[in-house]
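Enquirer: 3D model of this:
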Amino acid sequence: MPDEDTKPNGNDVAVLSYTLWANKLGSEPNIIGKPLIFNARPYIVIGIAPRGFRGTVTFFSSEVWIPTSMKDQILDGKEKDFFNDRRFLTVSTFGRLKPGVEMSAAEASLKTMATHLEAEFPKDNSGRSVALSLLADAAVGVNDHKRIALAGAMMMGVVGLVLLIACVNLANLLLAQGARRQKEISLRAALGANRSRIVRQMLTESMLLSLAGGVVGLAVAYAGRSILWSFRPPFIDQSGIYLSLDSHVLLFTLGVAIFTGFIFGLVPAVKASRPDLMDTLKSGGRGGTMGWRRDPLRSLLVIGEMALALIALVGAGLFLRSMQNAQKTELGFESKNLLAMNFDLGALHYEEGRGQQFYRAAIEKVKNSPGVASVTIASNAPIGGGFLRTVFPEGRDEASGYRGTLTAVDDIMPNYFETLRIPVLRGRTFSDADRKETAVVAIASEAMAKQFWPNEEAVGKRFHFFGDAMLRQIVGVVANSVVNEVGEAPQPIVFLPMAQDYVPAATLQVRTTGNPEGMVATARAALQSLDPNLAVTNVFTIEQILSQALWAPRMGGFLLALFGGLALLLSAVGVYGVLSYSVNQQTREIGLRMALGAQRRDVMRLILGQGLRLTVLGLGLGVLVALGLMRVLVSLLFGVRAYDPSTYTAVALLLTAVALLACYIPARRAMKVDPMVALRYD
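Expert: Numbers count the residues shown, from 1 in each chain. Take a look at the predicted model:
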């Protein structure tokens with residue numbers, strides 16, 4: 001109803017997602033009008049969202065929608081305190097453009113509005129404007145869209161490379177098949193079959209091969225969906241995206257199969273439809289080098305295969321090296337034997353005094369459990385980001401023109417650095433003596449100390465947050481640790497004692513003496529023994545989070561290695577096929593050479609030289625293309641240059657070795673040619 005968002009704290013109605021209704025409520029048909037309890041308060045269910053609708057942000061599947069007027073009943077801590085602050089960037093706004101209105105025009109209109117707000121509220125809105133983005137781009141978060149899109153493009157690109165190599169092999173196969181069937185095709189032509197009839201026959205064969213491959217590919221894709229899904233970024237939850245083989249996927253696969261079968265079968269079909277007996281006799285009777293001059297198309301296809309394989313393998317090598325570098329990155333804390341779980345006392349409407357008491361009791365309860373080395377509570381999870389506030393060092397404020405710097409804030413219990421094993425560089429850590437009635441203190445990371453007090457001792461310095469005149473004194477400096485993601489530049493972060501800056505939503509962090517996964521149930525039970533109604537969420541070990549945090553190099557390394565290996569195999573098959581066909585075509589020539597005195601090693605060098613010439617040309621072309629393509633993917637790499645020489649050298653040597661092996665088998669067969677038999681060869 002239009003008025004169900006007008007009464008603060010008085011519009012206790014909710015719309016449920018189809019998934020919640022089906023999975024948690026058993027598709028209860030009479031749920032409309034009945035109450036459900038959220039955050040210890042009843043809400044009347046007034047609707048069920050359509051099936052498949054998960055909200056406007058893909059990586060976080062919404063399950064319940066309530067009016068904005070109920071925010072005070074849902075939000076707690078800093079989110080509740082700062083919700084109405086003009087500088088608090090937490091609300092997402094969605095709009096639909098009027099018919100005929102371009103996004104640029106709408107953005108210009110909103111920027112005009114932002115300029116007026118900046119003039120009216122210079123303290124809060126100074127330097128702030130408006131930027132619009134398509135909902136499709138913002139579905140995974142505007143800041144992450146570029147990396148997700150680039151990762152998707154990389155996946156499509158490497159699949160395209162393998163598809164091209166497979167198609168080149170198909171073209172080579174059809175060319176060889178056409179050459180072997182020249183007599184058959186000549187006979188068909190002599191009996192009255194026109195060229196179009198022969199072309200249709202050959203295209204039909206190539207299309208059947210391509211469609212059969214498409215069917216097999218769909219079966220592999222269906223079986224491999226769970227493997228692909230395991231590489232999703234950590235901020236996309238389990239139900240965030242549906243990987244279903246719907247009509248769009250089936251039609252796309254059908255289209256690709258038909259297109260590739262037609263395109264790569266057309267040239268062999270046209271060539272086979274023009275049999276020339278005299279040319280056949282000449283090519284079989286004359287000597288000559290590799291079919292480069294006799295059949296340049298097949299040679300070009302082999303060169304293309306080697307180039308494409310090098311591109312795929314270089315990508316795999318770069319991402320695997322990136323993964324190795326990321327795994328060796330110093331996190332700033334010890335991740336082994338560490339687990340974390342989230343809970344929110346604000347959902348149960350705990351007051352600050354009761355919440356502080358709960359924190360102390362929870363630490364004591366879990367610490368006394370067998371297998372626990374130490375326990376702490378903090379507002380941020382390791383590698384979980386944090387609430388950002390604008391910091392002003394003492395002597396500067398909002399009125400001075402100084403903009404301040406956004407800095408992550410982590411509220412912690414006194415034993416935090418001991419539990420995470422973050423080194424204290426200077427000063428002291430928090431103790432139980434740091435309370436509400438004592439001096440307001442803080443601990444800075446080394447990055448924060450360098451940011452605000454370069455070339456000075458940060459211990460003893462004071463600062464304040466935007467909109468808060470209270471000065472906080474730095475009593476210690478600790479080593480840098482990862483804040484948002486592995487591989488980031490050192491981020492400034494300030495630690496505040498939980499006793500002086502209470503937050504109701506927190507993370508229990510437990511260091512165990514053994515496998516942390518085995519302690520999850522114990523820690524959860526200890527928390528819920530203090531309050532059975534407390535919901536414990538996002539239970540994970542830090543090693544699991546690290547594995548997910550490396551999703552980009554991990555996904556790139558695995559998929560590129562998989563498809564690169566497939567490309568390597570297909571390229572070897574292609575080289576073998578071309579040289580094997582060439583040996584068959586040159587049987588009489590080889591026999592004549594041997595009859596005239598050529599040794600077996602000379603024949604071996606001849607065949608190997610033919611294959612290596614094509615390989616070297618393909619590798620050179622591949623290096624040039626790879627240097628350009630890999631620069632695009634550099635943002636997904638960690639600690640590796642797009643032109644890393646060791647990777648290119650290793651891949652080139654690997655491809656050369658594989659090509660030599662592929663050349664060796666036909667060369668061995670050529671060495672065994674009997675000159676007398678070859679000279680009688682028809």
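
Enquirer: please make it C-alpha for all contacts and neighbour counts, starting now.
Expert: OK.

Enquirer: three-state assignment of Ala444?
Expert: Put simply, Ala444 is strand when judged by DSSP: H, G, I helix; E, B strand; the rest coil.

Enquirer: list the buried residues for the helix ranked longest in the chain?
Expert: What stands out as the longest helix in the chain, according to DSSP state H, is helix 142-180. Buried residues in helix 142-180, counted by 16 or more other C-alpha atoms under 10 Å: 148, 150-151, 154-155, 158-159, 161-176, 178-179.

Enquirer: cool, and stretch 512-524?
Expert: Across stretch 512-524, burial judged by 16+ other C-alpha under 10 Å covers Thr512, Pro516, Glu517, Met519, Val520, Ala523, Arg524.

Enquirer: among those residues, which are in helices?
Expert: In this view, those that belong to helices under DSSP H are Val520, Ala523, Arg524.

Enquirer: looking at the residues you listed, which is nearest Gly597?
Expert: Closest approach to Gly597 among those (C-alpha to C-alpha): Val520, at 78.6 Å.

Enquirer: just the helices in the stretch 101-250 of the chain please.
Expert: For the stretch 101-250 of the chain, the helices defined by DSSP state H, counting those that start in this stretch occupy 103-120, 122-125, 135-138, 142-180, 182-190, 195-223, 225-229, 247-272.

Enquirer: which strands and helices sit next to the fourth one?
Expert: Secondary structure elements in contact with helix 142-180, counted by 3 or more C-alpha pairs under 8 Å, 6 or more residues apart in numbering; DSSP states H and E, are helix 247-272, helix 296-327, helix 551-585.

Enquirer: angle of the longest helix of the chain against helix 296-327?
Expert: Angle, helix 142-180 to helix 296-327, by axes from the mean of the first three to the mean of the last three C-alpha atoms, to 10 degrees: 150 degrees.

Enquirer: and helix 142-180 with helix 195-223, angle?
Expert: Put simply, helix 142-180 runs at 140 degrees to helix 195-223, going by the same axes, to 10 degrees.

Enquirer: what average pLDDT does helix 142-180 get?
Expert: For helix 142-180, mean pLDDT rounds to 72.

Enquirer: what do you get for stretch 497-516?
Expert: Stretch 497-516 shows a mean pLDDT of 93.

Enquirer: now that stretch: buried residues?
Expert: So, applying 16+ other C-alpha under 10 Å, buried residues of stretch 497-516: 497-512, 516.

Enquirer: how about stretch 247-255?
Expert: Neighbour counts using 16+ other C-alpha under 10 Å place Thr253, Leu254 of stretch 247-255 among the buried residues.

Enquirer: how far off centre is it?
Expert: Distance, stretch centre to chain centre, for stretch 247-255: 24 Å (C-alpha atoms, centre = their mean, to the nearest Å).

Enquirer: try stretch 33-44
Expert: 38 Å.

Enquirer: and the average pLDDT for that stretch is what?
Expert: 89.

Enquirer: now do the same end-to-end measure for it.
Expert: End-to-end span of stretch 33-44 (C-alpha to C-alpha, to the nearest Å): 6 Å.

Enquirer: quick one: contacts of it?
Expert: Applying C-alpha atoms under 8 Å, 6 or more residues apart in numbering, the external contacts of stretch 33-44 come out as Asp12, Val13, Ala14, Ile32, Val45, Ile46, Gln73, Ile74, Ala347, Leu348, His349.

Enquirer: in it, which residues are buried?
Expert: Across stretch 33-44, burial judged by 16+ other C-alpha under 10 Å covers Pro35, Asn39, Tyr43, Ile44.

Enquirer: try stretch 477-497
Expert: Buried residues in stretch 477-497, counted by 16+ other C-alpha under 10 Å: 477-484, 486-487, 490-497.

Enquirer: show me the residues you listed that map onto helices.
Expert: Judged by DSSP H, the subset of the buried residues of stretch 477-497 located in helices is empty.

Enquirer: and Met323, what's its pLDDT?
Expert: Value for Met323, per-residue pLDDT: 75.

Enquirer: give me every residue that touches it.
Expert: Per C-alpha under 8 Å, 6+ apart, neighbours of Met323: Leu550, Pro553, Arg554, Gly557, Phe638.

Enquirer: so which of the helices of the stretch 101-250 of the chain is nearest Leu653?
Expert: Nearest to Leu653 among these is helix 142-180 (19.5 Å), distances taken as C-alpha to C-alpha.

Enquirer: from the chain's centroid, how far away is that closest one?
Expert: Centre-to-centre, helix 142-180 and its host chain are 19 Å apart (C-alpha atoms, centre = their mean).

Enquirer: quick one on the thing from earlier: tabulate the ones in helices among the buried residues of stretch 512-524 (a markdown table), appending distance to Pro454 and pLDDT.
Expert: Shown next, in a markdown table, are these (distance: C-alpha to C-alpha, whole Å; pLDDT from 0 to 100):
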| residue | distance to Pro454 | pLDDT |
| --- | --- | --- |
| Val520 | 42 | 91 |
| Ala523 | 42 | 92 |
| Arg524 | 43 | 92 |
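
Enquirer: to Arg298, which of the helices of the stretch 101-250 of the chain lies closest?
Expert: Set against Arg298 and scored by C-alpha to C-alpha, the helices of the stretch 101-250 of the chain come closest in helix 142-180, at 6.3 Å.

Enquirer: how is this structure partitioned into domains?
Expert: Taking automatic domain parsing as the domain assignment, the ranges for the chain are 1-74, 144-281, 338-547.

Enquirer: so which of those gets nearest Met604?
Expert: Nearest to Met604, of all the domains of the chain, is domain 144-281, at 22.2 Å by C-alpha to C-alpha.

Enquirer: skipping adjacent residues, who's closest to Met202 in space?
Expert: Of all residues not flanking Met202 in the chain, Ala269 sits nearest, at 5.2 Å (C-alpha to C-alpha, 6 or more residues apart in numbering).

Enquirer: and that neighbour, how many residues sit next to it?
Expert: By other C-alpha atoms under 10 Å, the residues close to Ala269 number 26.

Enquirer: how far away is it from Gly609?
Expert: Distance, Ala269 to Gly609, using C-alpha to C-alpha: 30 Å.

Enquirer: now Leu208
Expert: Relative to Gly609, Leu208 is positioned 36 Å away (C-alpha to C-alpha).

Enquirer: got it, and Asn194?
Expert: When distance is defined by C-alpha to C-alpha, Asn194 is 40 Å away from Gly609.

Enquirer: same question, Ile185
Expert: 33 Å.

Enquirer: can you check Val409 too?
Expert: 65 Å.

Enquirer: between these two, which one's more packed in?
Expert: Neighbour count, other C-alpha under 10 Å: between Val409 and Gly609, Val409 has more, with 20 against 16.
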